[in-house]
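> Using only what follows, build the 3D model:
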Amino acid sequence: MKNPLLEKWEERLQDIFDKIDHILEEKYGHLYPLRPNRPAHKQGVTPDADGLFDLGVSFTVGLGSQLGPGYVFRVKLATLNRVPEELQEQIEDEVIQLLQKELPTYFPGKELKVGRDGKVYKIYGDLDLN
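Below is the predicted model of the structure:
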């Protein structure tokens, strides 16, 4: 059984990612065909399992990381087509900006940061559940 405070914390975090996924789908979802086994936007079980964007997020204790523990994520596009590096970077920058805007709203009083940690991005800082 999971800690109810942890479940609530992770639910709020997932709500942010679902919101960002929807914004990205509206803006960029039409640019590339989906992988053949990928459902269209709003047709899958969860927003990270359908449409062009896969924004899954998961906790890591941060072993070997300079940023320590946090929630890691990648901005993946579910297409077999090549996505130009400039567009990938533009979308990643937009995700970071949206996260930095939403984190204080969903986690008031928390000092949360977003940074690159190797090949992934990480939300780190005040992860206290209270």
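
> who's in contact with the top helix by length along the chain?
Assignment by DSSP state H gives helix 4-28 as the longest helix of the chain. When contacts are defined by CB atoms under 8 Å, 6 or more residues apart in numbering, helix 4-28 is touched by residues 41, 46-48, 51-53, 55-57, 59, 71, 73, 91, 94-95, 98-99, 102-103, 106-107, 123, 129-130. C-beta coordinates here come from the backbone N, C-alpha and C atoms, glycine included.

> you'd agree L31 is in a strand?
No: read with DSSP: H, G, I helix; E, B strand; the rest coil, L31 is coil and lies in no strand.

> For the residue lying closest to it once chain neighbours are set aside, give its distance to D18.
Spatial nearest neighbour of L31, excluding adjacent residues (CB to CB, 6 or more residues apart in numbering): L52 at 7.4 Å. Separation of L52 from D18 (CB to CB, to the nearest Å): 15 Å.

> and what of L31?
According to CB to CB, L31 stands 20 Å off from D18.

> same deal with R38?
From R38 across to D18, the span is 17 Å (CB to CB).

> what sits up against the helix or strand that the longest helix of the chain is followed by?
The helix or strand immediately downstream of helix 4-28 is strand 53-54, counting by DSSP states H and E. With CB under 8 Å, 6+ apart as the contact definition, strand 53-54 has outside contacts at D21, L24, E25, Y28, G29, P47, D48, R74, V75, K76, L77, A78.
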